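*Asks:* when you get a sec, could you give me coordinates for this:
(chains A and B)
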2 protein chains.
Amino acid sequence: VSRPIPLIDAAATADPPPFARVGIVGLGLIGGSVALAARRRWPSSLIVGVDRNAVLEDAQRAHAIDVGADDLGMVAEVDLVVLAMPVIANLDALPRLDTILGPDAIVTDVGSTKRAIVEAAGALREGITFIGGHPLAGAARGGIGAATADLFQNRPWVLTPSASTPPAAVDRLEAFIRALGALPQRMTPQDHDRVTAWVSHLPQLAASALMRVIGEAVDEEGLSLSGRGLRDTTRLASSPADIWIDVCRTNRDHIGDALDRLLRELGTLRQALDDPAAIQELFGAAAAWRERLR
Amino acid sequence: VSRPIPLIDAAATADPPPFARVGIVGLGLIGGSVALAARRRWPSSLIVGVDRNAVLEDAQRAHAIDVGADDLGMVAEVDLVVLAMPVIANLDALPRLDTILGPDAIVTDVGSTKRAIVEAAGALREGITFIGGHPLAGAARGGIGAATADLFQNRPWVLTPSASTPPAAVDRLEAFIRALGALPQRMTPQDHDRVTAWVSHLPQLAASALMRVIGEAVDEEGLSLSGRGLRDTTRLASSPADIWIDVCRTNRDHIGDALDRLLRELGTLRQALDDPAAIQELFGAAAAWRERLR
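*Replies:* Down below sits the predicted model:
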């Protein structure tokens, strides 16, 4: 595959890249955006992609990758592997990486839960450094077609190193993600999964459940009376199931707790519909928290 | 009060206004927008406002009204009264309107529930025609400061005439709201309240409940990991309580049904977090309904 002409970044000429060869496994919205952002920042880095052939073609057309193949073996020689498939596919890729990667490779992932993969990565042989990661970035649509080099700009990117992770490797990975525009933030896998169950997984599930019950209750004719409020509240309901099946499976304790709490709140509200003080209190608390999101 | 210089609409010169004198009681987002839209469309109409003096001053500065007062008596001589306060304040205003309005006055409202006010309006003396109304339009902020003449453009505006409502009065009110840019749609108060419980009231309550439980669970630090998904899903949580207290009281049977259905869906989901087929089914149904909202 011939090298496409890279877009040159103003800061791109000076410093050497933290990783000369980057392998990205899974070229969806996040993986594709990592490729585009890395390519823009370090035009001389080699970006290796792994995905189905149709996706690789799109990725090459978008100048996101230099070379690609439909086989994980393609990343054997890279310095950094970024696992960017759904969570359980990332988990399943670890044993094979164990056998193919060279010494001193660093592996990270961009999945939405961190305990499961960090635990599984504990079985990798010595010499391979795994650091869990999660860029808190998204878009209305998924897939390589929605990928953009700006996706991570000023967005948090959680890393979950352990006490035994070599500090130099964490620094190097942080330099990489900071150069993609993100704001690195270190957390434990436990804290990450607890917090994201609330701020990401619960809203997703609530939006999907809400959209389904409303649609089934009022049908298309009733939906025609809806406005921006319903559209905003249910925007997440367009999300693809495959990613979320894995998230639910690998974070079900925390998501279960969050759903229980929401169920209690809605159950209490259901009993208090003619209690002005209760509605006032709910709306007051909700508006105050909402204000802090801006 | 001197007459401010009106913005002239291209269509404004030709036809006579359906109502020469319009009284608007409550100059918030909706009432203020009715005033601005009517003023733009028929510069020669007299727009009379009723609200607190501070709001009247803002309304006059925005060229929304010609004259105003802090007393309902101000609308005694108008041809159309638009009740645009919260639902229960609209209800409370009816007995006084009964005593002050002239013969042949038409009264409408813009409240979010219709059964309670249509029933209460049945007690008005003969000669006063009441037609319930509900423009399905909103904005991120409330109040006269957010009002705009374009608020109703291509938005549904439900009217709930009864079998005994004079057809000519309904036609006249429809001509008025169509000229404000809205799409009139006739429904029974019963159908209106059932459908809006789902497409408007349930999303509002879910968004508020969600924002509250998430904020309380993760605090400001956790919220910093959130993105556009949470912001979209909880945008409605900024809504003011006063409007919603009245909506919950006057539509609690339908809202209760809707909350029950959502509680069942979330309860089922909570038991199925490690069941890929169940998650797949939920996301598939939700995405399909969401697609029909566009």
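*Asks:* look up phi and psi at the closest residue to residue A:74 other than its chain neighbours.
*Replies:* Distance criterion C-beta to C-beta, 6 or more residues apart in numbering or on different chains; nearest residue to residue A:74, sequence neighbours excluded, is residue A:50 at 5.3 Å. Heads up, the C-betas are built off the backbone N, CA and C, glycines and all. Taking degrees, to the nearest 10, you get phi -130, psi 120 for the backbone angles of residue A:50.
*Asks:* what residues does the stretch 1-150 of chain A put near chain B?
*Replies:* Taking C-beta under 8 Å from any C-beta of the partner chain, the part of the stretch 1-150 of chain A that reaches chain B is made up of A:136, A:137, A:138.
*Asks:* and which of these is nearest residue A:167?
*Replies:* residue A:136 (23.4 Å; C-beta to C-beta).
*Asks:* moving C-terminal from the top strand by length along chain A, which element do we reach first?
*Replies:* Secondary structure of chain A per DSSP state E: the longest strand is strand A:129-135. Per DSSP states H and E, the first helix or strand lying C-terminal to strand A:129-135 is strand A:156-160.
*Asks:* what's the next secondary structure element after that following strand?
*Replies:* helix A:167-179.
*Asks:* what angle sits between that next one and strand A:156-160?
*Replies:* Interaxial angle, helix A:167-179 versus strand A:156-160 (axes from the mean of the first three to the mean of the last three C-alpha atoms, to 10 degrees): 170 degrees.
*Asks:* send the alpha carbons of helix A:167-179 over as PDB?
*Replies:* The C-alpha trace of helix A:167-179 is given here as PDB (Å, rounded to 0.1, in the frame of the first residue of the first chain):
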ATOM      1  CA  PRO A 167       6.400   4.800  35.200                       C
ATOM      2  CA  ALA A 168       8.300   5.500  32.000                       C
ATOM      3  CA  ALA A 169       5.800   3.500  30.000                       C
ATOM      4  CA  VAL A 170       2.900   5.500  31.600                       C
ATOM      5  CA  ASP A 171       4.700   8.800  30.900                       C
ATOM      6  CA  ARG A 172       5.300   7.700  27.300                       C
ATOM      7  CA  LEU A 173       1.600   6.800  26.700                       C
ATOM      8  CA  GLU A 174       0.500  10.000  28.400                       C
ATOM      9  CA  ALA A 175       2.700  12.000  26.100                       C
ATOM     10  CA  PHE A 176       1.100  10.200  23.200                       C
ATOM     11  CA  ILE A 177      -2.500  10.900  24.200                       C
ATOM     12  CA  ARG A 178      -1.800  14.500  25.300                       C
ATOM     13  CA  ALA A 179      -0.300  15.100  21.800                       C
END
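*Asks:* what mean pLDDT does it get?
*Replies:* The average pLDDT for helix A:167-179 rounds to 97.
*Asks:* tell me which stretches of chain A form strands.
*Replies:* Taking DSSP E as the criterion, chain A carries its strands at A:21-25, A:46-50, A:67-69, A:80-83, A:106-109, A:129-135, A:156-160, A:183-186.
*Asks:* quick one: residues in contact with the fourth one.
*Replies:* The set of residues external to strand A:80-83 that reach it, using C-beta atoms under 8 Å, 6 or more residues apart in numbering or on different chains, is A:18-19, A:21-26, A:31, A:34, A:75, A:90, A:93, A:97, A:101, A:105-111, A:117, A:133, A:173, A:176.
*Asks:* by how many degrees do the longest helix along chain A and helix B:202-223 diverge?
*Replies:* Secondary structure assigned by DSSP state H gives helix A:202-223 as the longest helix of chain A. On the basis of the same axes, to 10 degrees, helix A:202-223 is oriented at 160 degrees to helix B:202-223.
*Asks:* surely residue A:69 meets residue A:50?
*Replies:* Yes. Residue A:69 is within contact range of residue A:50, at 6.3 Å (criterion: C-beta atoms under 8 Å).
*Asks:* of these two, which one has the most company?
*Replies:* Neighbours were tallied for residue A:69 and for residue A:50 using other C-beta atoms under 10 Å in any protein chain shown; the higher tally belongs to residue A:50 (26 against 15).
*Asks:* so the more buried one bridges to which residues?
*Replies:* On the basis of DSSP bridges, residue A:50 is bridged to residue A:25, residue A:69.
*Asks:* and it, how far from residue A:187?
*Replies:* Residue A:50 sits 27 Å away from residue A:187, going by C-beta to C-beta, to the nearest Å.
*Asks:* phi, psi of the closest residue to residue A:240 other than its chain neighbours?
*Replies:* Excluding the flanking residues, the one nearest residue A:240 by C-beta to C-beta, 6+ apart is residue A:142, at 5.8 Å. Dihedral pair for residue A:142: phi -100, psi -170, per degrees, to the nearest 10.
*Asks:* isn't residue A:142 right up against residue A:29?
*Replies:* Yes. The criterion here is C-beta under 8 Å, and residue A:142 meets it with residue A:29 at 4.6 Å.
*Asks:* so between these two, which is more surrounded?
*Replies:* Neighbours were counted for residue A:142 and for residue A:29 using other C-beta under 10 Å; residue A:29 has more, 25 against 18.
*Asks:* could you report the neighbour count for residue A:102?
*Replies:* 11.
*Asks:* before we move on, what about the one 4 residues further on?
*Replies:* The burial count assigned to residue A:106 is 23, neighbours taken as other C-beta under 10 Å.
*Asks:* hey, what's it bridged with?
*Replies:* Beta-bridge partners of residue A:106, counted by DSSP bridges, are residue A:80, residue A:129.
*Asks:* my guess is it meets residue A:175, correct?
*Replies:* No. Judged on C-beta under 8 Å, residue A:106 makes no contact with residue A:175 at a distance of 11.7 Å.
*Asks:* number of nearby residues for residue A:45?
*Replies:* Using other C-beta under 10 Å, residue A:45 has 23 neighbouring residues.
*Asks:* nope, residue A:154 is what I meant
*Replies:* Per other C-beta under 10 Å, the neighbour tally for residue A:154 reads 9.
*Asks:* quick check, it in contact with residue A:180.
*Replies:* No. Assessed by C-beta under 8 Å, residue A:154 is found out of contact with residue A:180, at 11.0 Å.
*Asks:* picking that back up, tell me the angle of the longest strand of chain A relative to helix A:167-179?
*Replies:* Going by the same axes, to 10 degrees, strand A:129-135 makes 30 degrees with helix A:167-179.
*Asks:* what residues of strand A:129-135 count as buried?
*Replies:* A:129, A:130, A:131, A:132, A:133, A:134, A:135 (16 or more other C-beta atoms under 10 Å in any protein chain shown).
*Asks:* also stretch A:263-274?
*Replies:* Those would be A:263, A:265, A:266, A:269, A:270, A:272, A:273, for stretch A:263-274 by 16+ other C-beta under 10 Å.
*Asks:* just give me the neighbour total for the closest residue to chain B within the stretch 101-250 of chain A.
*Replies:* Closest residue of the stretch 101-250 of chain A to chain B, C-beta to the nearest C-beta: residue A:215 (3.0 Å). Residue A:215 has 24 neighbours, counted by other C-beta under 10 Å.
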